[in-house]
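> Got a predicted structure plus its sequence, pasted below:
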Amino acid sequence: MTQASGTRDGLEGVETRLFIGGTWRDADDAGTIDVLDPADGSVLASVADGGTAEAMAALDAAADAQAAWAATPPRERGELLRAAYELVAQRADQFARVISLEMGKPLAEAKGEVTYGNEFLRWFSEEAVRVRGRWMENPVGGSRMLTMKKPVGPCLFITPWNFPLAMGTRKIGPALAAGCTVVIKPASQTPLTMLLLAQVLEEVGVPAGVVNVVTTSSSREVGAALMADPRLRKVSFTGSTEVGRGLIGQSAEHLQRISMELGGNAPFLVFEDADLDAAVEGAMVAKMRNMGEACTAANRFLVHESVAEEFGRRLAERMSGLTVGRGQDDGVDVGPLINAEAVESVGALVSEAVEEGARVLVGGKPAEGPGWFFPPTVLVDVPAEATINRHEIFGPVAPITTFSTEEEAVAAANSSEYGLVAYAYTRDLTRSLRVSEALAFGMVGLNTGIVSNAAAPFGGVKASGFGREGGFEGIEEYLDTTYVAIPL
Ligand code: NAP
């Protein structure tokens with residue numbers, strides 16, 4: 001482990017212990033997990049390494065708090081969420097620094113995540129009071145049908161490292177608004193942001209046991225133990241498709257409700273009639289947000305053969321102008337990747353693409369020196385069937401493949417097992433609607449490189465999972481429906 005070189009401002013006062021039943025405590029065996037700075041591999045902090053006993057204590061707390069929280073008036077639940085939103089906004093700089101330090105992203109992007117992530121607390125603070133059932137006449141007359149909505153009960157949230165705040169608030173906001181209590185297991189690489197958020201929730205007065213946070217290096221065991229308990233009624237997971245599949249299997253025993261936000265392999269289509277300036281601008285956002293470490297990251301650039309050369313040249317020009325460095329330093333556009341394995345896997349995909357016929361316009365090889373850096377990279381002449389087009393890259397690499405017809409482009413886009421988001425650039429209104437309808441994805445960015453918005457339903461189809469976060473749909477994931485038959 002090397003000594004930290006950058007400033008650690010922002011970490012003072014951030015809890016490193018487990019948060020269970022309203023109490024901060026160490027792991028039973030006092031074990032800890034080191035949180036590393038991806039810019040140099042040094043230790044930022046050590047957080048408690050909870051095991052299954054601590055996780056079960058967290059579920060006990062969530063189960064004990066469930067009835068009272070469900071009975072708390074929706075307005076009160078909403079106002080607590082709103083208070084949390086205000087406090088996160090006040091502390092946005094600290095949240096951004098913690099996110100940037102533990103995850104690596106540039107400070108400006110980390111601030112963007114705070115604004116975006118916090119919006120889920122505001123949106124669902126407003127949705128808490130809009131949960132409603134209905135009263136309906138039997139179509140054949142003679143009786144009435146009443147439906148009522150109820151919170152599903154204690155939930156388990158398992159979140160990834162790439163958006164340490166937003167991937168939590170997307171679940172916590174609707175769950176608390178709906179009247180559910182929660183146990184959160186953040187990614188062990190980036191647990192500090194979630195602990196800081198738990199501090200905020202405690203400070204604004206969310207009752208003990210409603211939110212519990214268990215950091216652990218034994219995710220598999222902890223997840224399995226919690227899901228083996230019938231008191232747990234819902235699991236919401238964001239992460240890899242592989243882990244998601246395992247959790248779906250585990251949910252079968254007690255038929256827990258599940259939401260799965262899994263991997264992506266987003267196609268970015270540029271038609272011959274596209275506004276190329278806008279397409280390059282959108283490509284920079286869709287590819288480079290979060291250093292490409294996003295499930296929504298443009299993964300495959302499918303560009304019409306008549307504009308591919310021009311698009312590739314302009315994209316390479318923009319990519320080569322980006323500054324790579326420590327996320328907290330001024331002027332940095334691209335931070336480090338999360339760990340050494342990420343650099344290795346991105347590098348291997350690039351080498352394989354080159355062996356398969358691709359040409360490197362810019363970047364291509366990991367940077368020398370400490371930290372886990374990979375330079376912005378553009379590959380052209382990538383064969384449609386190249387390995388890199390079939391894998392989620394999770395790094396700052398843009399492979400460009402050409403197409404000649406709209407049908408071919410749509411077929412290539414849909415050929416992936418994933419179906420989270422697709423981007424399409426065209427100025428033809430009819431084509432834009434036709435293509436949006438034909439794309440087998442949960443979300444489409446039409447002439448835009450960004451789709452995420454707390455007011456919109458985020459989620460995928462096929463191997464990208466099911467369930468929606470945000471929008472009017474988001475709270476439904478945390479509600480059961482009871483129907484009452486009433487003869488009149
Ligand atoms: P991951 O390895 O699946 O880990 C995600 C979370 O699951 C972490 O908290 C991890 O804990 C935990 N975990 C791992 N194995 C587990 C098991 N057997 N049982 C219970 N929990 C387990 O994914 P990642 O590498 O962190 O994240 C990248 C992936 O997330 C990508 O595929 C990306 O596309 C996807 N993602 C999807 C969305 C979306 O909304 N669709 C958003 C963001 C990311 P540890 O940290 O302790 O390993």
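Yep, that arrived. Numbers count the residues shown, from 1 in each chain.
> ok but D64 is inside a helix, no?
Yes: D64: assigned to a helix according to DSSP: H, G, I helix; E, B strand; the rest coil.
> Surely it touches G209?
Yes: using C-beta atoms under 8 Å, D64 is in contact with G209, at 5.6 Å. Placement of C-beta: from N, CA and C, glycine included.
> Have a look at these two and say which one is more surrounded.
G209 (24 against 15; other C-beta atoms under 10 Å).
> how close does the residue nearest to that one when sequence neighbours are not counted sit to V206?
When the adjacent residues along the chain are set aside, G209 lies closest to A65, with 3.1 Å between them (C-beta to C-beta, 6 or more residues apart in numbering). Counting by C-beta to C-beta, to the nearest Å, the gap between A65 and V206 amounts to 10 Å.
> Repeat that for Y423.
With distances taken as C-beta to C-beta, Y423 is found 38 Å from V206.
> the more surrounded of those two?
Legend: neighbour count by other C-beta under 10 Å for Y423 and V206, higher for Y423 (31 against 23).
> That one against M443, yeah?
No: if you go by C-beta under 8 Å, Y423 and M443 don't touch, sitting 9.4 Å apart.
> Any idea how many residues pack against the residue nearest to G209?
Neighbourhood size, A65 [other C-beta under 10 Å]: 22.
> My read is that it contacts P207, right?
Yes: assessed by C-beta under 8 Å, A65 is found in contact with P207 at 6.2 Å.
> if we can go back for a sec, any common contacting residues for D64 and G209?
The overlap between the contact sets of D64 and G209 (C-beta atoms under 8 Å, 6 or more residues apart in numbering) consists of G21.
> which residue does the stretch 1-150 of the chain bring closest to the ligand?
Residue nearest to the ligand within the stretch 1-150 of the chain: I33 (8.4 Å; C-beta to the nearest ligand atom).
> got a list of what that residue touches?
I33 makes contact with S46, V47, A48, D49, S188, P191, T215, T216, S217 under the criterion C-beta under 8 Å, 6+ apart.
> any idea which helix or strand carries it?
Using DSSP states H and E, I33 sits in strand 32-36.
> for that strand, which positions count as buried?
Within strand 32-36, the residues scored as buried using 16 or more other C-beta atoms under 10 Å are T32, I33, V35, L36.
> Would you give the sheet partners of that strand, along with the direction of each?
Neighbouring strands of strand 32-36 in its sheet, by DSSP bridges, are strand 43-48 (antiparallel).
> For the strand it pairs with, buried residues please.
Under the neighbour-count criterion of 16+ other C-beta under 10 Å, strand 43-48 has L44, A45, V47, A48 buried.
> which residues does the last one contact?
So the one you mean is A48. With contact set as C-beta under 8 Å, 6+ apart, A48 has these partners: T16, R17, L18, R25, D26, A27, G31, T32, I33, E54, T215.
> Can you list the residue ranges for helices in the protein?
52-71, 74-90, 92-103, 107-127, 166-178, 192-203, 219-227, 241-251, 276-288, 308-320, 340-355, 387-390, 406-414, 429-438 (DSSP state H).
> tell me the most buried of those helices?
Highest mean neighbour count of the helices of the chain: helix 166-178, a mean of 29 (counted as mean count of other C-beta atoms under 10 Å).
> Counting by contacts, list what it packs against.
Contacts defined by 3 or more C-beta pairs under 8 Å, 6 or more residues apart in numbering; DSSP states H and E place helix 166-178 against helix 74-90, helix 107-127, strand 155-158, strand 182-185, helix 192-203, strand 234-238.
> Please work out the angle formed by the directions of the last one and helix 219-227.
Angle between the axes of strand 234-238 and helix 219-227 is 160 degrees (criterion: axes from the mean of the first three to the mean of the last three C-alpha atoms, to 10 degrees).
> for the ligand, what are the nearby residues on the stretch 151-300 of the chain?
By the rule C-beta under 6 Å from any ligand atom, the part of the stretch 151-300 of the chain lying against the ligand is 158-162, 167, 185, 187-189, 219-220, 223, 238-240, 243, 246, 261-264, 295.
> which of those count as buried?
Buried residues within these, counting neighbours by 16+ other C-beta under 10 Å: 158-162, 167, 185, 187-189, 223, 238-239, 243, 261-264, 295.
> dump the residue contacts of T16.
T32, A45, S46, V47, A48, L192, L195.
> and which of those is nearest to E305?
Taking C-beta to C-beta as the measure, E305 lies nearest L192 of those, at 47.3 Å.
> circling back to that earlier point, list just the nearest of the contacts of T16 to D93.
Comparing these against D93 with C-beta to C-beta places L192 closest, at 14.9 Å.
> so where's the chain shaky on pLDDT?
In the predicted model, the chain carries pLDDT under 70 at residues 1-7.
> tell me, what residue is most central in it?
What sits nearest the mean C-alpha location of the chain, by C-alpha atoms, centre = their mean, is M167, with 4.4 Å.
> Please name the nearest non-neighbouring residue to that one.
Nearest residue to M167 in three dimensions, chain neighbours excluded: T159, at 4.3 Å (C-beta to C-beta, 6+ apart).
> same deal with A386?
A386 sits nearest to E356 (C-beta to C-beta, 6+ apart), 4.7 Å away.
> Please identify the residues of the stretch 351-488 of the chain in proximity to the ligand?
Within reach of the ligand by C-beta under 6 Å from any ligand atom, the stretch 351-488 of the chain has these residues: E392, L420, G460, S464.
> which ones are touching the third one?
Taking C-beta under 8 Å, 6+ apart, we find G460 in contact with E261, L262, G264, Y418, G419, L420, V421, F441, G442, M443, F466.
> cool, the first one as well?
Contact partners of E392, counting by C-beta under 8 Å, 6+ apart, are G263, G264, N265, C295, N299, Y418.
> thought the third one was touching I388?
No: contact status for N265 versus I388: not in contact, 10.2 Å apart, counting by C-beta under 8 Å.
> I'd say T32 and S46 touch.
Yes: contact criterion C-beta under 8 Å: T32 and S46 qualify, at 4.0 Å.
> who's in contact with the nearest residue to T238 once chain neighbours are set aside?
Once flanking residues are discounted, T238 sits nearest to E261: 4.1 Å by C-beta to C-beta, 6+ apart. By C-beta under 8 Å, 6+ apart, the residues touching E261 are 167, 236-239, 295, 458-460, 464-465, 467, 469.
> make it 7 Å
T238, G459, G465, E469 (C-beta atoms under 7 Å, 6 or more residues apart in numbering).
> Leaving out the residues flanking it, which one is nearest to A92?
V114 (4.7 Å).
> close enough to count as contact, that neighbour and R97?
No: using C-beta atoms under 7 Å as the test, V114 is too far from R97 to be in contact (10.0 Å).
> Give me the distance between the two termini of stretch 386-395.
17 Å (C-alpha to C-alpha, to the nearest Å).
> Same question for stretch 351-365.
End residues of stretch 351-365 are separated by 9 Å (C-alpha to C-alpha).
> Having no further points to raise, I will conclude here.
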